[in-house]
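Asks: Sequence and predicted structure, then a few things I'm wondering about:
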Amino acid sequence: MITDKNNRTIENLSGTWNLHNGYKMPYIGLGVYKADDGEEVINAVKWALEAGYRHIDTAKAYDNEEGVGIAIKESKIDRKDIFLTSKVWNSDQGYDETIQAFNDSLKRLDTDYLDLYLIHWPVEGKYKDTWRALEKLYKEGKIKAIGVSNFLKHHLDDLMKDAEIKPMIDQLEFHPWLVQNELQDFCKQNDIQYEAWSPLMQGKAFENETLKELGEKYGKSPAQIVIRWDLQNGVITIPKSTSKDHIISNSEVFDFELTDLDMKKINALDRDERIGPNPDNFDF
Ligand code: NAD
């Protein structure tokens, strides 16, 4: 049986890992950042669900929650079989504001609960009140799992000082150039599942020679190599595409396994380099 580095099984596209509250989260999802609301996002989500994806990652800030909701409804797949994530945007942080933002997201998504709701960025002076709102909504059963995004170790430490419930997820920039081993270890010690955003380096992964060579060796695309590397590293991943072919091919990562040596080759590409904003220094 094939497992990740924490000995959890990696089976198929609808396969899940347990979060620390026991809730099951599919380890591959479709990201929809910069997918236009309307036809573009509706088609992408429908194609993903047809291909067997059961996890969609959106956010208020992506401005496409309505399209995601329409695609889910039109897919005729039971809502309970789809893992749906959204995120509270920075300008909506604070206790009352978050409750309002959450209810607005539910309306746009045309659903009565979320599987996962994340604090999108660690807005100083606000994120603890935001977290209290997430805890309340979680206790009411309106969110099945709660978490954060772009929280570094010191943000997590600070949040957990006052939190009643530990985050189940931290969604972070993660790809072969930005591995952040210490942060990964810290999350693991605290039972916080690591989740990768921009896993494909927004396309830069395709130009990397090591990834291209490994692609040739396994008969796979560089995208498939990176997605498989995420899974074997125990990281949940949400590659984005609006192309039907890429959505399908990004999910075809269950018929090969990277050797330990090849995992190490990819780990060695790490250069602590971000393609997105630094969570310690963002201005939005
Ligand atoms: P990504 O790394 O997933 O790369 C997406 C790009 O790669 C797109 O341009 C797409 O067209 C291209 N692509 C995808 N598959 C391909 C393939 N097989 N062949 C060739 N090109 C391919 O980038 P991303 O969208 O930034 O990140 C993924 C998801 O992570 C987002 O959609 C979003 O859901 C989430 N995200 C979260 C945060 C956060 O702050 N929490 C930030 C950024 C992204």
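Replies: On my side now, so go ahead. Numbering: from 1, shown residues only.
Asks: Pretty sure residue 43 sits in a strand.
Replies: No. Counting by DSSP: H, G, I helix; E, B strand; the rest coil, residue 43 falls outside a strand, being helix.
Asks: What is the neighbour count of it?
Replies: Using other CB atoms under 10 Å, residue 43 is surrounded by 17 other residues. All C-beta spots, glycine's among them, are computed from the backbone N, C-alpha and C.
Asks: Tell me the predicted confidence for it.
Replies: Looking at residue 43, its pLDDT is 98.
Asks: Quick check: it vs residue 252, distance?
Replies: Applying CB to CB, to the nearest Å, the value for residue 43 to residue 252 is 19 Å.
Asks: And residue 6, by the same measure?
Replies: Distance of residue 6 to residue 252, given as CB to CB: 23 Å.
Asks: again, but for residue 181
Replies: Taking CB to CB, one finds residue 181 at 28 Å from residue 252.
Asks: quick one, which of those two is more surrounded?
Replies: residue 252 (16 against 9).
Asks: ok, and that one, which helix or strand is that part of?
Replies: Using DSSP states H and E, residue 252 is not contained in any helix or strand.
Asks: ok, it - contacts?
Replies: residue 224 (CB atoms under 8 Å, 6 or more residues apart in numbering).
Asks: For the residue of the chain found nearest the ligand, give me its contacts.
Replies: The chain approaches the ligand most closely through residue 31 (2.4 Å), counting by CB to the nearest ligand atom. Residue 31 sits next to 57, 197, 238-240 when contact means CB under 8 Å, 6+ apart.
Asks: Thought residue 174 was touching residue 226, still the case?
Replies: No. Judged on CB atoms under 8 Å, residue 226 makes no contact with residue 174 at a distance of 10.1 Å.
Asks: And those two? Which one has more around it.
Replies: Shown here are residue 226 and residue 174; by other CB under 10 Å, residue 226 has more neighbours (27 against 24).
Asks: I'd like to know how far the residue nearest to the more buried one when sequence neighbours are not counted sits from residue 231.
Replies: Counting by CB to CB, 6 or more residues apart in numbering, residue 205 is the residue found nearest to residue 226 once chain neighbours are left out, at 5.1 Å. Here the criterion is CB to CB. By it, residue 205 lies 15 Å from residue 231.
Asks: now residue 249
Replies: On the measure of CB to CB, residue 249 and residue 231 end up 15 Å apart.
Asks: and the residue lying closest to residue 79 once chain neighbours are set aside, what does it touch?
Replies: Leaving aside its chain neighbours, residue 79 sits nearest to residue 111 (6.2 Å; criterion: CB to CB, 6+ apart). Residue 111 is in contact with 69, 72, 79, 84, counting by CB under 8 Å, 6+ apart.
Asks: At which residues are the helices of the stretch 151-284 of the chain located?
Replies: With DSSP state H, counting those that start in this stretch as the criterion, the stretch 151-284 of the chain has helices at 153-162, 181-189, 209-218, 222-232, 244-250, 260-267.
Asks: One more: the stretch 1-150 of the chain?
Replies: 39-51, 65-75, 95-109, 127-139.
Asks: Tell me which of the ones you listed sits nearest to residue 214.
Replies: helix 39-51 (23.4 Å; CB to CB).
Asks: by how many degrees do the closest one and helix 65-75 diverge?
Replies: Going by axes from the mean of the first three to the mean of the last three CA atoms, to 10 degrees, helix 39-51 is angled at 40 degrees with respect to helix 65-75.
Asks: Around the ligand, which positions in the chain sit nearby?
Replies: 31-33, 57, 120, 149-150, 171, 197-203, 206, 221, 223, 238-241, 246, 249-250, 276 (CB under 6 Å from any ligand atom).
Asks: While we're on the nearest residue to residue 175 once chain neighbours are set aside, how confident is the model there?
Replies: In space, and not counting its chain neighbours, residue 175 is closest to residue 201: 4.6 Å by CB to CB, 6+ apart. Here the pLDDT value assigned to residue 201 is 96.
Asks: Could you report the neighbour count for residue 201?
Replies: Using other CB under 10 Å: residue 201 sits among 22 other residues.
Asks: Perfect, I'm done here.
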